[in-house]
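Trainee: compute the structure for the input listed below.
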Amino acid sequence: MGFFDKFFSKDKEKDLDKGLEKTKSNIFGKLAKAVAGKTSVDVSFLDELEQILISADVGLDTTIKIIDRLEARVAKDKYINTDQLNTMLKEEIVNLLSENNTEDIEDFVFDESKKPFVLLVVGVNGVGKTTTIGKLANQYKQRGKRVLLGAADTFRAAAVDQLKIWAERNECGFFDKGMHADPAAVAYEATQEAINSNYDVVIIDTAGRLHTKIHLMEELTKIKGSINKKMQGAPHEVMLVLDATTGQNAIEQATHFTKATDVSSIALTKLDGSAKGGVVLGISDLFKIPIKYIGVGEGIDHLQVFNKQAFIDSLFK
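Mentor: Got it, this is the predicted structure:
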């Protein structure tokens, strides 16, 4: 039994297919029209392919890379049919994801040799950060892990309340120090609580910092240092949550957050609400940071482990 069969159920496959419908229509509906009647992959087709990929927010640099690779593969062929073209595109996109550190992971896992495993979650307001934390906590709970949620977004009462609701819903531990508390202190004490109470994993929420506000980005660096002071080597993962519907703005956010802290993974939300799922490719190519999770719907089970082969297979159906 292979990876896909074991960890990617038919229900998950259906959720992924449905979540990518808008992107598939945007990219491959246009691609089918571009290929129709072609007897070769000529300059005009490549120009059209460039526009299709850019419209899906793949990004100019990544688009050019894909086209150059495709052009090199078909250079010796006077004619390829649509199926062959699709196969070549699939292979080049999978290769691109593989080269850029995006690896297929087995289910919702973390390094259990590090206990508690400390996950710091960052991202701007509105990207689905706290919801992603709640859904991730649910997945860990289903696997028998003891989870603590730490509310280090102390700028908005609603943020603390929302995280508390998720903790109650998932029957997780919850740690907060109320509004206007020092976020770094909250992160430090949440880590301490996780150690003292023998939690398997602590997920720490942070304020939805606008990436244009330098002092808030500096606060993020302070939070990371505070956690490390309490537990050497922590946080063990810094996950950046990005909203697929924002397209190129997600890439801009990633640029600023990767400068502020050592982002080690990415969760891309709201793919079901966007025709610009190509941003997955652009983000992976530009930042060389693994895409770990994708959100393909509003349901609690609609957060999926990102499997590059399943993702590309779904796009090309």
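
Trainee: so residue 18 belongs to a helix, correct?
Mentor: Yes: counting by DSSP: H, G, I helix; E, B strand; the rest coil, residue 18 is found in a helix.

Trainee: my guess is it contacts residue 297. True?
Mentor: Yes: counting by C-beta atoms under 8 Å, residue 297 is a contact partner of residue 18 at 7.2 Å. Placement of C-beta: from N, CA and C, glycine included.

Trainee: which residue ranges of this protein form strands?
Mentor: Here the chain has its strands, by DSSP state E, at 117-122, 147-151, 173-175, 201-205, 237-243, 265-269, 291-295, 303-305.

Trainee: most tightly packed of the ones you listed?
Mentor: strand 201-205 (a mean of 30; mean count of other C-beta atoms under 10 Å).

Trainee: can you list the strands that that strand pairs with?
Mentor: Note on strand 201-205: by DSSP bridges, its sheet partners are strand 117-122 (parallel), strand 147-151 (parallel).

Trainee: what does the longest one contact?
Mentor: Where contact means C-beta atoms under 8 Å, 6 or more residues apart in numbering, the residues beyond strand 117-122 that reach it are 110-111, 129, 132-133, 187, 191, 194, 200-206, 209, 220, 223-224, 227, 231, 234-241, 257, 261, 263.

Trainee: go again with 6 Å.
Mentor: 110, 129, 133, 191, 201-206, 227, 234-240, 257 (C-beta atoms under 6 Å, 6 or more residues apart in numbering).

Trainee: swap in stretch 159-169?
Mentor: Contacts for stretch 159-169 (C-beta under 6 Å, 6+ apart): 130, 134, 149, 151, 153, 174, 176, 205.

Trainee: among these, which two are most distant?
Mentor: 134 and 176 (14.8 Å; C-beta to C-beta).

Trainee: how much space separates residue 34 from residue 252?
Mentor: According to C-beta to C-beta, to the nearest Å, residue 34 and residue 252 sit 29 Å apart.

Trainee: how about the helices in this structure?
Mentor: 3-7, 10-19, 21-24, 30-35, 43-55, 60-74, 82-99, 129-142, 157-170, 183-196, 214-230, 248-260, 279-287, 308-315 (DSSP state H).

Trainee: who are the packing partners of the shortest one?
Mentor: In other words, helix 21-24. Contact partners of helix 21-24 among helices and strands, from 3 or more C-beta pairs under 6 Å, 6 or more residues apart in numbering; DSSP states H and E: none.
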